[in-house]
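**Student:** below: sequence and its predicted model.
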Amino acid sequence: MKKKAGVVAYRINSANKTEVLLISTRKYKDSWVFPVGTVEKNEPLRAAAARECLEESGYEVKLEEKIDSIIVENKGFRSEFTFYKASIIGEQENYEDDRERIWVDPDELMEKITPIFLPIALSFLKLHKS
């Protein structure tokens, strides 16, 4: 089974409201996901999650608690996705420029996120409110 790690990254905006980061996918137009990618050999999950966010979005994050893991099957392949809650601590100019980034209000998250990540979005919302 392939291991993948990612983040649900958030920030507090100037109006003191939480916003959640989503990035566009390469395969599906108008589809939004959390930053996530494949864990490299001998790489800790937490390190992979932070690296993937930086590569895909340009945002440096501070990882917080684990949100959840899900197993996704696609065309006979199984992947385990592990996600962490993460706050934004910096930004760099260089990132995968074939992706768009948007910040959404947590109330919009469930309608914006691609369906396979709905359980992660729901877990984040429960965790974030507590």
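**Tutor:** That came through, no problem. Residues are numbered from 1 along each chain as shown.

**Student:** only C-alpha atoms from now on, for both contacts and neighbour counts.
**Tutor:** Fine.

**Student:** is it true that residue 8 touches residue 82?
**Tutor:** No: with contact defined as C-alpha atoms under 8 Å, residue 8 does not count as touching residue 82 (10.5 Å).

**Student:** so how far is residue 118 from the residue of the chain positioned farthest from its centre?
**Tutor:** Going by C-alpha atoms, centre = their mean, the residue of the chain most distant from its centre is residue 76, 23.8 Å out. Going from residue 76 to residue 118 by C-alpha to C-alpha, to the nearest Å gives 21 Å.

**Student:** next one: the residue farthest from the centre of the chain relative to residue 1, how far apart?
**Tutor:** In terms of C-alpha to C-alpha, residue 76 sits 11 Å off from residue 1.

**Student:** same question, residue 7
**Tutor:** The value you get for residue 7 to residue 1, if C-alpha to C-alpha is used, is 20 Å.

**Student:** show me where the chain has strands.
**Tutor:** 2-12, 18-24, 32-33, 36-38, 59-74, 77-91, 101-104 (DSSP state E).

**Student:** for the fourth one, packing partners?
**Tutor:** When contacts are defined as 3 or more C-alpha pairs under 8 Å, 6 or more residues apart in numbering; DSSP states H and E, strand 36-38 packs onto strand 2-12, helix 45-57.

**Student:** where does pLDDT dip in this protein?
**Tutor:** The chain contains residues with pLDDT under 70 at 130.

**Student:** excluding chain neighbours, what is closest to the residue positioned nearest the centre of the chain?
**Tutor:** Residue closest to the mean C-alpha point of the chain, counted by C-alpha atoms, centre = their mean, is residue 34 at 2.7 Å. Leaving aside its sequence neighbours, residue 34 sits nearest to residue 22 (C-alpha to C-alpha, 6 or more residues apart in numbering; 5.2 Å).

**Student:** what bridges to that neighbour?
**Tutor:** Beta-bridge pairing for residue 22 (DSSP bridges): residue 102.
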